[in-house]
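*Asks:* have a look at this fold, sequence not included:
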């Protein structure tokens with residue numbers, strides 16, 4: 001009796017394993033005959049509207065009136081918040097006063113006034129970003145008080161050297177602004193060059209009957 005029970009248990013375990021194998025093969029077969037979702041780059045690329053959720057290397061956001069100038073105020077909060085230390089920001093130096101400005105400043109100080117020296121521009125002189133160390137944690141994006149940092153949707157960034165991923169974000173911002181301006185000008189040119197749609201002719205008014 002004990003031997004029979006052990007045989008039954010063995011058969012049940014064998015059937016369970018076979019059923020698990022059948023289920024796995026069924027899943028494999030279903031995906032084998034279904035449409036492939038893999039994009040074979042570079043023969044094919046993903047449409048831009050499908051990359052909006054992709055988190056790529058960070059980029060700077062330009063001012064609305066001057067897209068080539070970043071909204072960055074050089075507060076250094078992104079540098080302090082980055083756990084990987086991959087962001088380097090260099091502030092702009094204060095402008096040197098001309099001899100005339102220095103003379104006016106000294107005269108105002110002698111009169112007991114409190115004149116203000118020229119202050120440095122708030123936008124950074126340099127903004128570099130080492131993508132090889134970035135963990136895409138969004139600490140810099142969340143720490144920025146003026147929303148000057150965002151994730152790009154660039155999924156085809158490639159290079160053959162580590163130096164290729166040490167990015168100058170100010171230069172990239174200017175290139176992006178120039179590219180967007182050229183695309184906007186091309187759209188306007190195509191719109192103006194497109195033939196105007198013919199206006200529908202109005203049907204003649206029916207003559208009033210006496």
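*Replies:* Perfect, thanks for sending it. Since this is a predicted model, take the numbers as computed values, not measurements.

*Asks:* show me the strands in the chain, by range?
*Replies:* 58-60, 87-90, 126-130, 149-151, 166-168 (DSSP state E).

*Asks:* just name the most buried of the ones you listed.
*Replies:* strand 58-60 (a mean of 22; mean count of other CB atoms under 10 Å). Backbone N, C-alpha and C define where each C-beta goes, glycine included.

*Asks:* list the contacts of that strand.
*Replies:* Surrounding strand 58-60, the residues in contact under the criterion CB atoms under 8 Å, 6 or more residues apart in numbering are 70-72, 127, 129, 134, 140-141, 148-152, 169-170, 172-173, 176.

*Asks:* please pick the buried ones from those.
*Replies:* 70-72, 127, 129, 134, 140-141, 148-149, 151-152, 169-170, 172-173, 176 (16 or more other CB atoms under 10 Å).

*Asks:* ok, back up a step: now, the contacts of strand 58-60 that are in helices?
*Replies:* Using DSSP state H, 140-141, 169-170, 172-173, 176 are the members of the contacts of strand 58-60 that sit in helices.

*Asks:* between those, which sits nearest residue 78?
*Replies:* residue 140 (3.9 Å; CB to CB).

*Asks:* correct me if wrong: the closest one contacts residue 149.
*Replies:* Yes: assessed by CB atoms under 8 Å, residue 140 is found in contact with residue 149 at 5.4 Å.
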